[in-house]
Each structure stands twice: as C-alpha cells, then as structure tokens.
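*Asks:* Got a predicted structure here, sequence first:
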Protein chains: 2
Amino acid sequence: MELRINKSYLSQAIQIVSRAVPTRTTMSILECILIDASGTEIRLIANDLELGIQTTVPGIIIERGIIAVDASIFMGIVRKLPDNDVTIVTEGEKITITCEKAKFTILGRDGADFTYLPQIEREDEIRISQFTMKDLINRTIFSISSNESNGMMTGELLEIRGDRLRMVALDGHRIAIRSVELLQSYPDRKVIVPGKTMQEISKILSGDTDRSLSLYFTDKHVLFAFDDTIVVSRLIEGEYYRVDRMLSSDFQTRVTVNRREFLSCIDRATLLVKEEDKKPVIILIGEDTMEMKINTTLGSMDEEIDIEKDGAEMNIGFNPKFLIDALRAIDQDEVTLYLVSPKAPCYIRDVEETYCYLILPVNFITID
Amino acid sequence: MELRINKSYLSQAIQIVSRAVPTRTTMSILECILIDASGTEIRLIANDLELGIQTTVPGIIIERGIIAVDASIFMGIVRKLPDNDVTIVTEGEKITITCEKAKFTILGRDGADFTYLPQIEREDEIRISQFTMKDLINRTIFSISSNESNGMMTGELLEIRGDRLRMVALDGHRIAIRSVELLQSYPDRKVIVPGKTMQEISKILSGDTDRSLSLYFTDKHVLFAFDDTIVVSRLIEGEYYRVDRMLSSDFQTRVTVNRREFLSCIDRATLLVKEEDKKPVIILIGEDTMEMKINTTLGSMDEEIDIEKDGAEMNIGFNPKFLIDALRAIDQDEVTLYLVSPKAPCYIRDVEETYCYLILPVNFITID
C-alpha cells in the first residue's frame, strides 16, 4: 500500500474515528484503526463492536492496500508531523510514515483481523441539521444513568412522531425531554440509542445549521451519515418507559424566575456539599421571593431571589446538581417551575413544549 | 470582627496566599488562611512553616479582629459570590460571609493557633523587576531535582556577584544557568532557595517590567516583597555545587541550528518513548546536516535537519526530555551546541553568557 494524504485532513479523520476506539479492552485489534485503500477511496475505520465509525479522507492512492494500525500511536505521530503531505507505505506489516524529512517506522496488523461495520440498508432517510442533532443531545444527555447495569436508562429515546423528533433521557430521579419540528413528516419510530453513541456523535458533529445529517434505522442498528463520515451503533433493545404518563399539566404553584440568578444561587449552595453527603437545597417559595437554604457539615448558606408566583406557597427540597443540569440546558432568560406538592415532581418547561425537565424532590425533615 | 472587602480584591488576595497552603498535611491549622484585621490593615496570611505568604487587601475594618478560616472553603465561597462588596462578620468562631442576598455561615478557628511569618529585618535590599525574576525562574526551574531526598538539588542557587544575578538549577544530569545584569552592584551573596518557593513566586509575580521586587536575606530566610505581598521562605542549608568547575569553553564540534526545527524534531521522537523505558535520541552530526534517530519497542523514527558545523563529525545520544526542556527555555531563533565527545557534557549557550544549558549525554551501544 502507498498513500499520500494531507496532514491536517489525515489528523482530522483519525480524530473522528478514534472516538470508536475503546479506552480499555482485552482485544487489542479493537485498539486499531483500519486504513482501507483497497478501492478508489481511502477509508479510516474504528469499531468497538457496539459503535463503529468510518470516514473517508481525501488523498492519493499510489498502491492499493489495507492495514490496521494502533490508534493512539498513529494519532500521536500524525498530530506532531509538519503541516504537509504525509506518505504512508506498507511492506508486509511494517508501516513507514514520511513527512518532509521525518520518517517513522511502526508495526501494523493484518487488516483481515479487523471487523468492518455492519451493512445497513439506507432506506427511509430522516434528515436533520447537524446543529439540531448536536443541540438535542447536549441538552438531554446529562439525564441518562451512568450506572451501566441500568439498561435502558443508559440510553436515550429517539422518537419520531409525524413531523416531530423528540429525545428523552431519564435516570429514575429526573427526566429531560427536548422536541423539535422536522422539515417533513416521517413514519412513527421509537428507538433507544446508547448514551455513549450520542456522546461521541455530539463531539464529532460540526454544530453547523447548514450541514445535514441523515438517520437510518434497522431493528438492531442506527446509522448516522454526515459529511464524509458514517457512524453505526447498536440499539438498546426493549420498550422504553412510558414517559407521557409521568408528565402532568396540573400544578399548585407556578414560579417564574431569572434563570441565571437561580443558577448562580444553586451553584453557590453546592460549594458546601461534599460529594459523599447528598444534602438537598431547600427552597422556600414565598409571595414575591424564593429563599434557598442549605445546611451541611461545612456550614450553611441562605439566599433570597425575586420571583413571580401563582398559587400556594411551598417548601421543597432538591438535589442541587439536578437543578443545575436542567438550568444549564436551557437558553431562555426566564424559566417557569410548575410544582404540585413537596413530594411530587417539579417541572421546568416552556409553553411551546420544546423542553421539559422533570425533577423529583428530595425529602427533608426540618428546616432550621 | 467585621470587614467589608470588594469581592475581586478578596478573591485575588486569597488566591495569592493559598499558594502557601499545603495540599496534604496532618496539621489542620496549616490548611487555614489567617484573616488579621487587628491593626489598621486587613492582612491575609498562609504559612506551611517552610513558605509563608502575607498580603494586604484593601477594605474597611468596621470592627477589628482575627480569625483563621479553612482556605479551600473560603476560596470556594468567595470565588462564587456576585461581584460586589463582601461583608465578613465573626461571632466567636462563627464566620458569616454576606454578599448581596447570599449569606454563608461557616466555622472558623481561633487565630491564636496560627503561626505568623518569621520577622525578617529589611536590610540590604536587592531590587529587580518582577518580569526578570519570573523569567529567571521559569527558564531554570525545570532542571531542579524532583526527588525530595536530593537535598540541595531540590533548590535553586541564587547568586549575586557585583552587578550580576545568576540562577542555577541542576539535578545531576543537567544544569540550567541564567544570568542578568542588575541596575547597581551589591555585596556578594549565595543562597539556595527551595524549588517550591521559586515555583510559587513565579506564579504570583505579575511579569510586569515596570513593577519591582525587593529581596532581603538572613542566614536562614529569604524575603520577597512586591506589590502588597511578602513571601518568606526558609533557605536550604549547605554549600552549593561548584558549578563553574563543571563548565568548560573547549569544544570539538560546534553546531548551529534552527531552534524551532530542532525542537519539533526531538518532540516527534519522544512520541515513541514510553515513560518507563529511557530510550535516548541519537544525533549523528554530519557535514551540513544532523540526523536524529530513535528506536523503541513502539517503532523507529529518523529525521534530518540542516545545520552549520565547525569541527569534527560526532554521534551522541541524549535523553530527549532534557533537550526539549532546554530548547523551550530559550527565545532565540538559532541555538549553538558545543560538544567535546560522546561521553562529555554538551553545552547550549549564547556568546553573551546570559544562558547556559549543560546536558550530559546518554551512552548508546549500536546505531541501526
């Protein structure tokens, strides 16, 4: 094999596919990137068997071939090369990488050991802008469960109903929902995509509103195609939680508050919370103000902010992290909280239903 | 005690003194910052008994007093307060910190448990710009030994001879020397300052050429005074190595090379070096070019750069890290290497003797 590729294109392509290289594995072939120049294009592929990424990199194929190369060494070398054309030549499993006067020789592996991405039929395309997909992920992903034994909770629901795409993440204590309008209607569809896939996709996507992303589904896989890249991921099997049943539009108390002020206040409160103890922040909703209190072994904190309130006064406790995550995921200057009782979920949502963050309260016994 | 201090002044002052708060200690009082408002000024002090820092912060003393407060909690709280006046009130050991509508209550400690900085007579002042001191430290400190049992090697020599200030750091494998001219002559002086002190000082100094720093010495201590801050550090006792005896102006080979090119080349070579194996980079000095080679379990690398050479050709091996550190500490576009033999030290120095980096070569057996 002999290839000539511009350094910055190559470096970018390696960065994209390495997101599918597992950090810890007992199968050393999974730590490799496959360079496949057996056809008319140069393709880089990485595949951890759950998530696979393939990208095409512009360059010249002088002699066709296939080789697998350790991702971290390859990335390290290419990143530090001068900004010029890079030549990659293989001789058996020996790979020589040359750029200007620098020459590296490393050992590759037989491409035959490598597992290609599963073939997915590209039928029933769903189109969305890269910006929107990235945005939807970033504003919901924090609510998935990080505990790997939690099955479906470690994934995100991706649901198409007519011309709306909805993404849902929940971890048993909170739910994050974001919904957008699509350019056209599509057949209804509901899949659970692993959280890791969503996280990696959001890192690769450009966040450009003018560039689009195509989604394709099979029973077991989802394929994301954008720019010169495709990402294939297994789906999580099962029937997702019935989220709509958990939502309610009733409320006893409605509070509108400046988001930034609310956020800085909760943020200050967390200073006194050590990771091990799960102290709630207690919110006392009064007539025109809301008082926030926290009391831990390190000390106590207490702050008041102005609000607009409808309905009854209420005292309620929350895990401050959940409030912070939700408030950070919202852009608007003002947010509205809907509360039913100190033991029922609190909703932060907008009237247009583009977002809804549900947070379960924490029991607190006395307020001193 | 009752004080009113602007948040950003307070936050800055806490940041300065916390550099003397040890990260690990069994004496919990050392983890505290002392707020001393017993006189007409508000002073913050931290002292790990080796290194002590005291700074004055502008503010209003409504009621005099002294209290010690846990540095990390205090820093955390103040940093997250709104940008406005902060009121600190003590009632026994209870400290209340208020800013706008936020109120924190934490427990302080009796100031009497705290150890003040040692009193240093301010005689025989030596003056230097903050920029120069910061620069001297940053361009030498990497050569001290990080092994705490290495006594004097963990410190830097600070030597005044007439109107020259010289700083020297060495770790047994290399020496870094920087020298500057002072504005006037001073009596000769030689002290060894702990590396940690130098590191912390360089982080606090503004790097401003217009702001000055004063140095004072006693037999056991050095005092740095600048802006509203004083830093007092113990000195390392003993007679420093006779560095001048280790230097020589003889050479067999003199090589002048573009610093940036040389640096990127060595930097690329280190890619293939795992931390555990200490593979040297081998340099083959030819007529107009210098070839660099490295050969490790991960692969091999080989690159050539243009040089100007006087004297004999030579093959010599180095720990690449030492070359990188020295080359990064030099500003000039071109550097000159003076070599005697593959077993004798290599010098990188300028004609004016403002800098000299000595690096011991590494033995290498065969070059393949």
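*Replies:* In hand now; what should we look at? Residues are numbered from 1 along each chain as shown, chains lettered A, B, ... in the order given.
*Asks:* ok, which stretches of the stretch 151-300 of chain A are helices?
*Replies:* A:195-204, A:243-246, A:259-270 (DSSP state H, counting those that start in this stretch).
*Asks:* which residues pair with the residue in the stretch 201-350 of chain A positioned nearest to chain B across the strands?
*Replies:* With Cβ to the nearest Cβ, the shortest gap between the stretch 201-350 of chain A and chain B falls at residue A:299, namely 3.4 Å. Yep, even glycine has a C-beta here, placed from its N, CA and C like the rest. Following DSSP bridges, residue A:299 is listed with bridge partners residue A:296, residue B:106.
*Asks:* tell me the contacts of it?
*Replies:* The contact partners of residue A:299, by Cβ atoms under 8 Å, 6 or more residues apart in numbering or on different chains, come to A:272, B:73, B:104, B:105, B:106, B:107.
*Asks:* The helix or strand where residue A:137 lies - what's its average pLDDT?
*Replies:* Assigned by DSSP states H and E, residue A:137 belongs to helix A:130-138. Taken as a whole, helix A:130-138 carries a mean pLDDT of 97.
*Asks:* angle of it against helix A:195-204?
*Replies:* Here helix A:130-138 runs at an angle of 140 degrees relative to helix A:195-204 (axes from the mean of the first three to the mean of the last three Cα atoms, to 10 degrees).
*Asks:* where does the closest residue to residue A:349 other than its chain neighbours land in three-state SS?
*Replies:* Distances taken as Cβ to Cβ, 6 or more residues apart in numbering or on different chains place residue A:356 nearest to residue A:349, at 4.0 Å, with adjacent residues excluded. With DSSP: H, G, I helix; E, B strand; the rest coil as the basis, residue A:356 sits in strand.
*Asks:* Can you report how many residues neighbour residue A:356?
*Replies:* Neighbour count for residue A:356, taken as other Cβ atoms under 10 Å in any protein chain shown: 20.
*Asks:* Repeat that for residue A:208.
*Replies:* Residues within reach of residue A:208, counting by other Cβ under 10 Å, total 13.
*Asks:* In CSV: the helices of the stretch 151-300 of chain A, plus mean neighbour count, distance to residue A:125 and mean pLDDT.
*Replies:* CSV is the format used below for those (neighbours: other Cβ atoms under 10 Å in any protein chain shown; distance: least, Cβ to Cβ, whole Å; pLDDT from 0 to 100):
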stretch, mean neighbour count, distance to residue A:125, mean pLDDT
helix A:195-204, 20, 17, 96
helix A:243-246, 11, 26, 92
helix A:259-270, 20, 37, 94
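*Asks:* now these as TSV including distance to chain B?
*Replies:* Output for the helices of the stretch 151-300 of chain A, formatted as TSV (distance: least, Cβ to the nearest Cβ, whole Å):
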stretch	distance to chain B
helix A:195-204	24
helix A:243-246	33
helix A:259-270	5
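*Asks:* before we move on, back to that, elements contacting the helix holding residue A:137?
*Replies:* Contacts defined by 3 or more Cβ pairs under 8 Å, 6 or more residues apart in numbering or on different chains; DSSP states H and E place helix A:130-138 against strand A:155-170, strand A:174-194, helix A:195-204, strand A:212-217.
*Asks:* What would the helix or strand where residue A:73 lies look like as CSV? C-alpha coordinates only.
*Replies:* Assigned by DSSP H and E, residue A:73 belongs to helix A:71-80. The C-alpha trace of helix A:71-80 is given here as CSV (Å, rounded to 0.1, in the frame of the first residue of the first chain):
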residue,chain,number,x,y,z
ALA,A,71,-4.9,4.2,17.0
SER,A,72,-3.0,6.0,19.8
ILE,A,73,0.5,5.7,18.2
PHE,A,74,-0.9,6.6,14.8
MET,A,75,-2.7,9.6,16.1
GLY,A,76,0.3,10.8,18.1
ILE,A,77,2.7,10.6,15.2
VAL,A,78,0.4,12.3,12.7
ARG,A,79,-0.5,15.1,15.1
LYS,A,80,3.1,16.0,15.5
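*Asks:* So residue A:344, which state does it fall into?
*Replies:* coil.
*Asks:* Could you list the domains of chain A?
*Replies:* A:2-113, A:126-245, A:247-359 (automatic domain parsing).
*Asks:* Which among those domains is found nearest to residue B:221?
*Replies:* Closest approach to residue B:221 among the domains of chain A is made by domain A:247-359 (35.0 Å; Cβ to Cβ).
*Asks:* distance between the ends of the closest one?
*Replies:* 11 Å (Cα to Cα, to the nearest Å).
*Asks:* Run through the residues of chain A sitting next to chain B.
*Replies:* A:73, A:76-77, A:80-82, A:101-107, A:264-265, A:267-268, A:271-272, A:298-305 (Cβ under 8 Å from any Cβ of the partner chain).
*Asks:* Quick check on the residues you listed: which are buried?
*Replies:* Listed as buried from the residues of chain A next to chain B are A:73, A:76-77, A:80-82, A:101-106, A:264-265, A:268, A:271-272, A:298-305; burial here means 16 or more other Cβ atoms under 10 Å in any protein chain shown.
*Asks:* got a list of what the residue of the stretch 51-200 of chain A found nearest chain B touches?
*Replies:* Closest to chain B within the stretch 51-200 of chain A is residue A:106: 3.4 Å, counting by Cβ to the nearest Cβ. Shown in contact with residue A:106 (Cβ under 8 Å, 6+ apart): A:69, A:70, A:73, A:74, A:77, A:94, A:95, A:97, B:272, B:298, B:299, B:300.
*Asks:* Identify the residues contacting the second one.
*Replies:* So that's residue A:70. Applying Cβ under 8 Å, 6+ apart to residue A:70 gives the contacts A:31, A:32, A:106.
*Asks:* Check which helix or strand the nearest residue to the second one once chain neighbours are set aside maps to.
*Replies:* Take residue A:32 and drop its neighbours on the chain: the residue closest to it by Cβ to Cβ, 6+ apart is residue A:68, 4.0 Å away. Element membership of residue A:68 [criterion: DSSP H and E] is strand A:65-70.
*Asks:* How far off centre is the helix-or-strand element of chain A with minimal mean pLDDT?
*Replies:* Lowest by mean pLDDT, DSSP states H and E among the helices and strands of chain A is helix A:243-246, with a mean of 92. Put simply, helix A:243-246 sits 23 Å off its chain's centre (Cα atoms, centre = their mean, to the nearest Å).
*Asks:* ok, now stretch A:200-208?
*Replies:* 9 Å.
*Asks:* Likewise for stretch A:136-147?
*Replies:* From the chain centre to the centre of stretch A:136-147 is a distance of 6 Å (Cα atoms, centre = their mean).
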